[in-house]
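In: okay, sequence plus prediction incoming.
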Amino acid sequence: ASWDAGTKATVAKIPLLKTNAGPRDKEEWPQRLKEEYAALIKFVQLNKEKDSDWFTIASNKEGTKWTGKCWYVHNLLKYEFDLEFDLPATYPATAPELALPELDGKTAKMYRGGKICLTVHFKPLWAKNAPHFGIAHALCLGMGPWLAAEVPHLVESGKITHKEG
């Protein structure tokens, strides 16, 4: 399955990144990191405008390790998960591997360590748009659709249950 119209419309509004630099590029990385944060802030604003806020995220000082929470509402119940990923040394040519560690082993759509399995459409799209895509684009095109596809299935199959919070 490809992306729905809402996802396509949202990703089109996330600013493209201009600086082609990864974490190992000491000169250009700080500028790239500013662009990453600007794109993430815009993505969060877009989600809030649609009342579909679904993640929080922050990085270490170097911008190489990211952690946060993401959630999905299914049958009026909110399911929340820890989100984490490291930027690969070859970023932004290579997309980050987004992980939900507590779901490790609960679905076939996941690699060891809770790294989500992205659709066959994601990697070619990332490659075509690198270095202009960033973390916000990976969340929009990767994690969002994954949660929408997998959480209902995990709930219905009894692999995850709602936690009172």
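Out: Good, I have the coordinates. Worth saying up front: this structure is predicted, and the values here are computed from it rather than measured. Residues are numbered from 1 along each chain as shown.

In: and I14, how close does it get to E35?
Out: Going from I14 to E35 by C-beta to C-beta, to the nearest Å gives 11 Å. (C-beta placed from N, C-alpha, C; glycine too.)

In: so which of these two has more stuff around it?
Out: The residue with more neighbours, out of I14 and E35, is I14; 21 against 18, by other C-beta atoms under 10 Å.

In: contact partners for A127?
Out: A93 (C-beta atoms under 8 Å, 6 or more residues apart in numbering).

In: where's it, which helix or strand?
Out: A127 belongs to helix 122-129 when elements are defined using DSSP states H and E.

In: for that helix, buried residues please.
Out: The neighbour-count check on helix 122-129 (16 or more other C-beta atoms under 10 Å) flags F122, L125, W126, N129 as buried.

In: pull the distance from it to the chain's centre.
Out: With C-alpha atoms, centre = their mean, to the nearest Å as the basis, helix 122-129 stands 14 Å off its chain's centre.

In: ok but P152 is inside a strand, no?
Out: No. Per DSSP: H, G, I helix; E, B strand; the rest coil, P152 lies outside any strand segment and is helix.

In: which non-adjacent residue is nearest it?
Out: Spatial nearest neighbour of P152, excluding adjacent residues (C-beta to C-beta, 6 or more residues apart in numbering): H74 at 5.1 Å.

In: that neighbour contacts V155, correct?
Out: Yes. Counting by C-beta atoms under 8 Å, V155 is a contact partner of H74 at 5.4 Å.

In: residue nearest the middle of this protein, spatially speaking?
Out: Taking C-alpha atoms, centre = their mean, the centroid of the chain lies closest to L139, which sits 2.3 Å from it.
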